[in-house]
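Colleague: Pasted the sequence and its predicted model underneath.
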2 protein chains.
Amino acid sequence: MSGLLNFNNMNKTFRRKRLSIDEYAEGILSGDRIILSRAITLVESRLESDNELAEQVIKKILPNTGNCLRLGITGVPGVGKSTFIESFGKYLTGIGKKIAVLTIDPSSQRTQGSILGDKTRMEELANDPNAYVRPSASGNTLGGVNSKTRETLLLCEASGYDVVIIETVGVGQSETTVKGIVDFFLLLMLSGAGDELQGIKRGIMEMADAIAINKADGDNINRSEMAKREYQNALHMFPPTESGWVPKVLTCSAVEKKGMEKIWHLMLRYEEEMRKSGFFQRNRQQQNLEWMMQTIQYYLDLSFFNHPEIKSTMPELKKEVTEGLTPAIVAAKELLHRYKK
Amino acid sequence: MSGLLNFNNMNKTFRRKRLSIDEYAEGILSGDRIILSRAITLVESRLESDNELAEQVIKKILPNTGNCLRLGITGVPGVGKSTFIESFGKYLTGIGKKIAVLTIDPSSQRTQGSILGDKTRMEELANDPNAYVRPSASGNTLGGVNSKTRETLLLCEASGYDVVIIETVGVGQSETTVKGIVDFFLLLMLSGAGDELQGIKRGIMEMADAIAINKADGDNINRSEMAKREYQNALHMFPPTESGWVPKVLTCSAVEKKGMEKIWHLMLRYEEEMRKSGFFQRNRQQQNLEWMMQTIQYYLDLSFFNHPEIKSTMPELKKEVTEGLTPAIVAAKELLHRYKK
């Protein structure tokens, strides 16, 4: 009896934890959501052996990636981001698209309000057979958001999704990371550049390929149209983008499901123009290279900052540097010296 | 005869290359420009032994730093940056200030037109006994701009300058670096957001604490005033700055030496407000910490990318990653593996 139990446990553990590279790859390519989820868990694992397996899986499915449109959507809490993604996602599945939504877990980023952990979030979309919603653990590790989200994106692509949406909260460093992953970056805003903008990080606006003014409904329609014109004027004062694309401003109402088609058509127009100019492909190649460089950086840092000697010396030196008692360069050299020993 | 020659040469080399830590420190603190220049050369040297000496000098003079206003000034070629800095610098020395100007050598940054090497640049200012003009070699090294410019800034501060201006060309990565060094960041622009903006990098506008529309003279006055209003409107649409400061837009004419006082008073107002709120000091402390982190990063990278095994493997792997044949993560791990061996 106990032998049977053990066997069952082992089997269960085996089934839940590990498949072979080929089993993962075949499952992903056939669109098996359970295997996709397990592969993502493998990618996000902190175990080196899991990561190594994940990398082999990614290597295997790589030829089947690259065929989806990669979208970044950001906006501060309160802008109606979840509702927007639900409306936009439902619009896309309604026109026959398969979509994946990756949300970057903001729990480590000190925001007001619970964003994840809210089980009812995007419920309608999560139950749609043509949509796959997955919170992507960002964790606390240096650069962690980055490589994990990219790998997850590739797994979703290979699994046959047409559009992958990566959602961030617009308050941290993750937007720069996401900008380096996606083809198109949408910023959600509200009319009235007042309190609701307090949380947004400077620099994000210049990343946007489009701004959508949400909650353009009811009494708010006129104000939203005004905000649209104001943002449009503001964007014209920005230096041109590298791609040559002039960022657009639109209005929408996620609650009333209005404006979704307009936004989608804008994205399609962007893709068409950028493919024609060659920027689309060039940008992805550049992103690949940056991913490599950032991964190297991440592991070099990890090895340094996790070194016991560094961990024990760092706090005191940080204090001295902050207070201006030791030049930063001297403190840095001291740490590097201890690390090399 | 040959013995005498040798002795002379040795002596010359000794005198030109090295002083003791105390001799450097005393020379710098007494405002000796020749010793200041030699100390900067030491900082910029690629010899480890020079750098070590330089760090000891900086450690020594550190208590005498921090008493100047640190300004970053940027703008694309053609905006009249040199003329502006000359006019602004002459205005400052005219009201009794001692100023240092550090220009970041853009030679490695692929810009049109020679910027350095132009010997007549800022000639009037360079001959002013209360001004010190120094091109800061950025070189090609990763992150090199960064630590060298910061250290040079500290040397100038200790040498009694009231204002240090760091000039960049507005087209590369150096603005982000400079933003992390200075207290106040001024962006020079022209009226008409046309061709002259082609070169400027997106994101720079959101870094600016003020924009000065240059060449507001002659037929251009009306257009400049209009541009001022347009930029002012655009800046109002930006998210608030971390400091709470609302960036201002001014007009000026560097050629006619107009608007310099207005700009200086704005900077003084900024300093006063930011000191009152505590942001000024907090920002400098944060910058010190970042300097430490960036220095660590720089040396970790240096050790990695200069490794013979990495140098020989990198090009092929880069190609594979760019072409989508190898996942970036796999290439990165491969390189890290070779590095560890």
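Modeller: Sure, I can see it. Numbering: from 1, shown residues only, chains lettered A, B, ... in the order given.
Colleague: Just give me the neighbour total for the closest residue in space to A:Phe279 that isn't next to it in sequence.
Modeller: Among residues not flanking A:Phe279 along the chain, A:Ser243 sits closest, at 4.5 Å (CB to CB, 6 or more residues apart in numbering or on different chains). Where C-beta positions appear, they are placed from N, C-alpha and C, glycine not excepted. For A:Ser243, the neighbour count with other CB atoms under 10 Å in any protein chain shown is 15.
Colleague: next one: the one 4 residues further on
Modeller: As a burial measure, the neighbour count of A:Pro247 was computed by other CB under 10 Å and equals 24.
Colleague: got any ranges where the stretch 51-200 of chain A has weak pLDDT?
Modeller: Along the stretch 51-200 of chain A, segments meeting pLDDT under 70 span A:105-120, A:136-147, A:170-173, A:192-200.
Colleague: Give me the domain ranges for chain A.
Modeller: Following automatic domain parsing, chain A resolves into domains at A:14-64, A:66-277, A:307-340.
Colleague: per-residue confidence averaged over the last one?
Modeller: Spelled out, it's domain A:307-340. For domain A:307-340, mean pLDDT rounds to 93.
Colleague: sorry, back to before: what strand or helix carries the residue nearest to A:Phe279?
Modeller: A:Ser243 belongs to no helix or strand when elements are defined using DSSP states H and E.
Colleague: one step back: tabulate the domains of chain A (JSON lines), appending distance to B:Ala54.
Modeller: Below are the domains of chain A laid out as JSON lines (distance: least, CB to CB, whole Å):
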{"stretch": "domain A:14-64", "distance to B:Ala54": "40"}
{"stretch": "domain A:66-277", "distance to B:Ala54": "29"}
{"stretch": "domain A:307-340", "distance to B:Ala54": "9"}
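Colleague: To B:Ile263, which of those domains lies closest?
Modeller: Evaluated with CB to CB, the domains of chain A place domain A:66-277 nearest to B:Ile263, the distance being 20.2 Å.
Colleague: roughly how far is that closest one from the heart of the chain?
Modeller: Distance of domain A:66-277 from the chain centroid (CA atoms, centre = their mean, to the nearest Å) equals 10 Å.
Colleague: Can you measure across it, start residue to end residue?
Modeller: End-to-end distance for domain A:66-277: 18 Å, by CA to CA, to the nearest Å.
Colleague: Counting neighbours, which bits of the top helix by length along chain A end up buried?
Modeller: Determined from DSSP state H, the single longest helix within chain A is helix A:279-305. Neighbour counts using 16 or more other CB atoms under 10 Å in any protein chain shown place A:279-280, A:283-284, A:287-288, A:290-301, A:304-305 of helix A:279-305 among the buried residues.
Colleague: How about stretch A:31-38?
Modeller: Within stretch A:31-38, the residues that count as buried by 16+ other CB under 10 Å are A:32, A:35-36, A:38.
Colleague: now do stretch A:208-218
Modeller: Within stretch A:208-218, the residues that count as buried by 16+ other CB under 10 Å are A:208-217.
Colleague: do stretch A:56-64 as well
Modeller: For stretch A:56-64, burial by neighbour count (16+ other CB under 10 Å) applies to A:56-62.
Colleague: And stretch A:250-258, by the same measure?
Modeller: For stretch A:250-258, a neighbour-count test (16+ other CB under 10 Å) marks A:250-254, A:257 as buried.
Colleague: Average pLDDT for that stretch, rounded please.
Modeller: pLDDT averaged over stretch A:250-258 gives 95.
Colleague: which residue is nearest the middle of chain A?
Modeller: A:Ile166 (4.0 Å; CA atoms, centre = their mean).
Colleague: What helix or strand is that one located in?
Modeller: For A:Ile166, the host element (DSSP H and E) is strand A:163-168.
Colleague: Report all helices and strands that that strand contacts.
Modeller: Using 3 or more CB pairs under 8 Å, 6 or more residues apart in numbering or on different chains; DSSP states H and E, the elements in contact with strand A:163-168 are strand A:69-74, helix A:81-94, strand A:99-104, helix A:144-158, helix A:174-179.
Colleague: need those in JSON lines with mean neighbour count, can you?
Modeller: JSON lines is the format used below for the helices and strands packed on strand A:163-168 (neighbours: other CB atoms under 10 Å in any protein chain shown):
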{"stretch": "strand A:69-74", "mean neighbour count": "24"}
{"stretch": "helix A:81-94", "mean neighbour count": "21"}
{"stretch": "strand A:99-104", "mean neighbour count": "25"}
{"stretch": "helix A:144-158", "mean neighbour count": "24"}
{"stretch": "helix A:174-179", "mean neighbour count": "22"}
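Colleague: out of these, nearest to chain B?
Modeller: With CB to the nearest CB as the measure, helix A:144-158 is the member of the helices and strands packed on strand A:163-168 nearest chain B (5.9 Å).
Colleague: and that closest one with strand A:69-74, angle?
Modeller: 140 degrees (axes from the mean of the first three to the mean of the last three CA atoms, to 10 degrees).
Colleague: tell me the contacts of the residue nearest to A:Pro247 when sequence neighbours are not counted?
Modeller: Spatial nearest neighbour of A:Pro247, chain neighbours left out: A:Leu235 (5.0 Å); criterion: CB to CB, 6+ apart. Taking CB atoms under 8 Å, 6 or more residues apart in numbering or on different chains, we find A:Leu235 in contact with A:205, A:211, A:246-247, A:249.
Colleague: Pick out whichever of those residues sits closest to chain B.
Modeller: In terms of CB to the nearest CB, no member of these lies closer to chain B than A:Met205, at 6.4 Å.
Colleague: Report how many residues lie close to the closest one.
Modeller: Neighbourhood size, A:Met205 [other CB under 10 Å]: 24.
Colleague: returning to what we had before: need the max-distance pair from the buried residues of stretch A:208-218.
Modeller: Largest separation among the buried residues of stretch A:208-218 by CB to CB: A:Asp209 and A:Asp217, giving 24.0 Å.
Colleague: Tell me which stretches of chain A form strands.
Modeller: For chain A, applying DSSP state E gives strands covering A:69-74, A:99-104, A:131-136, A:163-168, A:184-189, A:210-213, A:248-251.
Colleague: Pipe the ones you listed into a markdown table and attach distance to B:Pro239 per row.
Modeller: Conversion of these to a markdown table gives the following (distance: least, CB to CB, whole Å):
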| stretch | distance to B:Pro239 |
| --- | --- |
| strand A:69-74 | 12 |
| strand A:99-104 | 20 |
| strand A:131-136 | 25 |
| strand A:163-168 | 15 |
| strand A:184-189 | 10 |
| strand A:210-213 | 12 |
| strand A:248-251 | 16 |
